[in-house]
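# here is a sequence together with a model predicted from it:
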Amino acid sequence: MTKTILTDVDGVVLDWTSPFEQWIENEKMPLEVFEISLFEYKSIEDWLGISKEDATNLITEFSLTDHFKSLPSFPDATVIIPELKKLGHNFVAITACDSSDQARMKREINLEKLFPGIFDDVIFTGLDNSLGKRPYLEKWSNCYWVEDTHEHAVVGNEVGHTVFFVENEIRYPTVHPDLIKINSWYDIFKHITGVDYD
């Protein structure tokens, strides 16, 4: 096992959902009443009752706003990722966000501000890449892969990585048996080091 940790970003390192939900409610559809949070739905399409294409357009538009460069990190990621870096692990982000120059810049600014000097590389796959993350995951061998989208997690397993999958029973009630289900970066720390983080 190499000491390289490949990781998704949205939903794993950064909280994308809460700011996106606030943007929709405050700026895009301020007169709508949202009784249930996006967190309780399987997709944006289900939450808003829109098509996949319209959802993708909203995601793209959001990625060009200033909100996108100020996404908060998850508290557990803020603690554990630097600790794993200190232990000699190197980090590569593989993100399926919009790959326009503006969105890329905002993502890189966001990550560097919250995790200075942590990421050796940030790889952008784009929103509608028909090959998904497979071509990028295949470039490494025998790494750790942290992901919250089941399809991408399974691909990581298929190409030989040890996969930590962020559980979400609403989106994925059934999970591939070879994935290591986790609920936080504290779980990842224990799996990698064999000890609890104090």
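Yep, that arrived.
# spell out the residue ranges of the helices in the chain.
Along the chain, counting by DSSP state H, helices occupy 17-23, 44-48, 52-63, 75-86, 101-114, 134-137, 150-158, 185-193.
# in this protein, where is pLDDT below threshold?
Filtered on pLDDT under 70, the chain yields the residue ranges 1.
# one more time with 50, if that's ok
Within the chain, not a single segment meets pLDDT under 50.
# distance from the centroid: which residue in it tops it?
Taking CA atoms, centre = their mean as the measure, the residue most remote from the mean C-alpha position of the chain is residue 31, 29.6 Å away.
# what's the distance between that residue and residue 116?
Counting by CB to CB, to the nearest Å, the separation of residue 31 from residue 116 is 40 Å. C-beta here means a position set from N, CA and C on the backbone, and glycine is covered the same way.
# try residue 51
From residue 51 to residue 116 the distance is 39 Å (CB to CB).
# likewise for residue 40?
According to CB to CB, residue 40 stands 34 Å off from residue 116.
# same thing with residue 98?
Residue 98 is 24 Å from residue 116, by CB to CB.
# again with residue 143
The spacing between residue 143 and residue 116, counted by CB to CB, is 22 Å.
# how far off centre is stretch 51-64?
Remark: stretch 51-64 is offset 17 Å from the chain centroid, using CA atoms, centre = their mean, to the nearest Å.
# need the residues that contact that stretch.
The contact list for stretch 51-64, computed with CB atoms under 8 Å, 6 or more residues apart in numbering, reads 20, 23-24, 28, 43-45, 48, 50, 68, 97-98, 100, 102-103, 106-107, 127-128.
# how does it look with 10 Å?
Contacts with stretch 51-64, where a contact means CB atoms under 10 Å, 6 or more residues apart in numbering, come from 10, 16, 19-20, 23-24, 27-28, 43-48, 50, 68-69, 96-100, 102-104, 106-107, 127-128.
# list the buried ones in that stretch?
55-56, 58-59, 62-63 (16 or more other CB atoms under 10 Å).
# what's the closest of these to residue 182?
Lowest distance from residue 182 to the buried residues of stretch 51-64 (CB to CB) belongs to residue 59, with 25.1 Å.
# OK, contacts around the nearest residue to residue 125 once chain neighbours are set aside?
Leaving aside its sequence neighbours, residue 125 sits nearest to residue 96 (CB to CB, 6 or more residues apart in numbering; 4.9 Å). Residues near residue 96 by CB under 10 Å, 6+ apart: 8-10, 59, 123-129, 132-133, 136, 149, 152.
# what's the ChimeraX line that selects buried ones from those residues?
A single ChimeraX command selects the buried members of the contacts of residue 96 (16+ other CB under 10 Å):
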select :8,9,10,59,123,124,125,127,133,136,149,152
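# so which of the contacts of residue 96 comes closest to residue 181?
For the contacts of residue 96, the residue nearest residue 181 by CB to CB is residue 149; the value is 13.9 Å.
# please name the residues that touch the closest one.
By CB under 10 Å, 6+ apart, residue 149 lies in contact with 8, 10-12, 96, 132-133, 155, 165-166, 168, 171-172.
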